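J.: have a look at this prediction, sequence included:
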Amino acid sequence: MIERLPFLNLGPKVAVIRLSGAIGTGARAHLNDETMGPVIDKAFKRGKPAAVALVINSPGGSPVQSSLMAARIRRLAEEKGLPVHAFVEDVAASGGYWLATAADDIWVDHGSIVGSIGVISASFGAHVFLARQGIERRVHTSARSKSMLDPFLPEKEEDVARLEGILEQLHAGFVEHVKARRGDRLTDLHDLFTGEFWAGRRAVELGLADGEAHLLPKLRELYGDNVRLSHYGRRRPLLQRLGMTLAQDALAAVEERAGYARYGL
């Protein structure tokens, strides 16, 4: 209500969206378009912000969910005519970097982990263990490829080749997106698209980020010392806040921890 009083000399408002955690599907995932879509919409539309800032701390995850959230951010930015700034905390890797490229500029800490522009598929094989236990796996399908990559059956060369073909297509889309968003800011000094990742300062040198900066000092530099920040983030469901989904939360935490561990975090 105070913001609407015309005689108050209030500074410009920047909506700050926190994008923290692994990117996955379903309501229990920390980041996806289903859970974050309403948050992102609200940040762009409430209170006429002068800009939107993304605070990113994500090791990545689902390529599709990364694409959906980034596309939503770009669509709203263009509809509202608002600049978008990304600030990387510990990590913006893989899908996390995809989210960062939704911004017009990317700012990192010197110790931030940035990059990992690639796609990964991980599973396990348990057919030897089953055989040792005297357990026979029986699978019946109506189509030749329905049992593709079944972890309880021996791996087939044609299944691996088919999966690698899909991963190459996803990787090509990721590379195309990064090139479109970063343009001539990317350097030719290093192969950026091998899945490698770098610390923040080197990421700036490679053109993956625009400089070293932290949220509040940079926004004050851009919008003045009286800039106001409005924070937006996902609220956990009531049952989670009450600790009534302990087993599922523990499993999700282990999976997310593994994602961060890939980057030494």
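T.: Good, I have the coordinates.

J.: let me see the ranges of the helices in the stretch 51-200 of the chain.
T.: Under the criterion DSSP state H, counting those that start in this stretch, helices of the stretch 51-200 of the chain are mapped to 63-80, 95-100, 127-132, 157-182, 200-205.

J.: comparing the ones you listed, which gets the lowest mean pLDDT score?
T.: Ranked on mean pLDDT, the bottom entry among the helices of the stretch 51-200 of the chain is helix 127-132, at a mean of 61.

J.: go ahead and produce PDB holding the CA coordinates of stretch 67-75.
T.: Only the C-alpha atoms of stretch 67-75 are listed here, as PDB (Å, rounded to 0.1, in the frame of the first residue of the first chain):
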ATOM      1  CA  SER A  67      14.100 -25.400 -21.300                       C
ATOM      2  CA  LEU A  68      10.500 -24.700 -20.100                       C
ATOM      3  CA  MET A  69      11.500 -22.500 -17.300                       C
ATOM      4  CA  ALA A  70      14.100 -20.600 -19.400                       C
ATOM      5  CA  ALA A  71      11.500 -20.100 -22.100                       C
ATOM      6  CA  ARG A  72       9.000 -18.800 -19.700                       C
ATOM      7  CA  ILE A  73      11.500 -16.300 -18.300                       C
ATOM      8  CA  ARG A  74      12.300 -15.100 -21.900                       C
ATOM      9  CA  ARG A  75       8.700 -14.900 -22.900                       C
END
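
J.: give me the neighbour count for the nearest residue to Gly224 once chain neighbours are set aside.
T.: Leaving aside its chain neighbours, Gly224 sits nearest to Gly11 (5.7 Å; criterion: CB to CB, 6 or more residues apart in numbering). (Glycine included, C-beta is placed from N, CA and C.) Neighbour count of Gly11, defined by other CB atoms under 10 Å: 13.

J.: same question, Ile23
T.: Using other CB under 10 Å, Ile23 has 28 neighbouring residues.

J.: one more: Leu31?
T.: When neighbours are counted by other CB under 10 Å, Leu31 registers 25.

J.: wait, isn't it in contact with Ala22?
T.: Yes. Applying CB atoms under 8 Å, one finds Leu31 in contact with Ala22, separated by 6.8 Å.

J.: what's the overlap in contacts for those two?
T.: Contact criterion CB atoms under 8 Å, 6 or more residues apart in numbering; residues shared by Leu31 and Ala22: 58, 61.

J.: tell me the pLDDT of the residue nearest to Gly224.
T.: Per-residue confidence for Gly11 comes out at a pLDDT of 87.

J.: going forward, the N-terminal residue is numbered 39.
T.: I'll keep to 39 as the first residue from here, and by that count the last item is Gly49.

J.: and the gap between it and Asp71?
T.: Separation of Gly49 from Asp71 (CB to CB, to the nearest Å): 32 Å.
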